[in-house]
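Student: For reference, the sequence and a predicted model appear below.
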Amino acid sequence: MHRYKIWNAAAPTTAAIAKVSTGTTIKTMLQLATPSTRQMQLISWGYSFDAGPSSAGLVELIQTDVAATVTAHVAAGVQPLDPNAPASLLTLGTSATGYTATAEGTTTASRSLDTVLVAPSSSSAPSVCYSYQWMPDERPIVAASRFLRVRTTMGSSVNMLCWICWDE
């Protein structure tokens, strides 16, 4: 198995990684598409905001059967953690692996893998950063030909970075 990590933006080169606005309606921030020949096992995931939202929001890690329309990632954006690992087998494209959805698609089957309620910044402990690493015996597996999404529904727009780490 090989381990990979991906962000909801193009891979940083001469500039820092770009944060993305969540908006105030449901929005897929990052989507991974497994190929028809391979599943993936999740290791960890997380997100951060540049400020807490002014009203509560929700961040979901969800497996779906339908793709959102996204800005396509390129192979360089799917980064192996071992520099000698082969390129990931994720399917790339605007209806496959990418970020910053412009259309959500009509999901008919889904599986929630983690959901986090984000407290408004006016509370005493805003949820500005979150990361989760599964124990080895509880790591979710995303089936072949499925989509894994980090999806937000925010009461007020904030800028977000999110990432997923997995084995394939």
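Tutor: Sure thing, it's come through. Numbering: from 1, shown residues only.
Student: How many residues are close by Pro83?
Tutor: As a burial measure, Pro83 scores 6 neighbours (other C-beta atoms under 10 Å). Where C-beta positions appear, they are placed from N, C-alpha and C, glycine not excepted.
Student: mind checking how far it is from Leu90?
Tutor: Going from Pro83 to Leu90 by C-beta to C-beta, to the nearest Å gives 18 Å.
Student: what do you get for Arg139?
Tutor: 17 Å.
Student: Please say which of those two ends up with more neighbours.
Tutor: Taking neighbours as other C-beta under 10 Å, Arg139 and Leu90 compare with Leu90 leading, 24 against 16.
Student: pretty sure Ala9 contacts Ala16?
Tutor: No. Counting by C-beta atoms under 8 Å, Ala9 does not reach Ala16; the two are 9.4 Å apart.
Student: The two: who's more crowded?
Tutor: Ala9 (22 against 8).
Student: can you list the weak-confidence ranges in the protein?
Tutor: Along the chain, segments meeting pLDDT under 70 span 122-127.
Student: Looks like Thr102 contacts Ser95 (just checking).
Tutor: No. The criterion here is C-beta under 8 Å, and Thr102 misses it with Ser95 at 11.2 Å.
Student: Can you check which residues contact both of the two?
Tutor: Thr69, Val70 (C-beta atoms under 8 Å, 6 or more residues apart in numbering).
Student: Looking at these two now, which is surrounded by more residues?
Tutor: The neighbour comparison of Thr102 against Ser95 (other C-beta under 10 Å) goes to Ser95, with 17 against 11.
Student: how near is that one to Ile43?
Tutor: According to C-beta to C-beta, Ser95 and Ile43 sit 25 Å apart.
Student: contacting residues for Tyr4?
Tutor: Here Tyr4 is in contact with Val78, Gln79, Pro80, Leu81, Ala85, Ser88, Leu90, Cys165, Trp166, Asp167, Glu168 (C-beta under 8 Å, 6+ apart).
Student: Count the neighbours of the fourth one for me.
Tutor: Under the neighbour criterion other C-beta under 10 Å, Leu81 is assigned a count of 12.
Student: Kindly report the same for the second one.
Tutor: The number of residues packed near Gln79 is 17, by other C-beta under 10 Å.
Student: Quick check: closest non-adjacent residue to it.
Tutor: Lys5 (5.4 Å; C-beta to C-beta, 6 or more residues apart in numbering).
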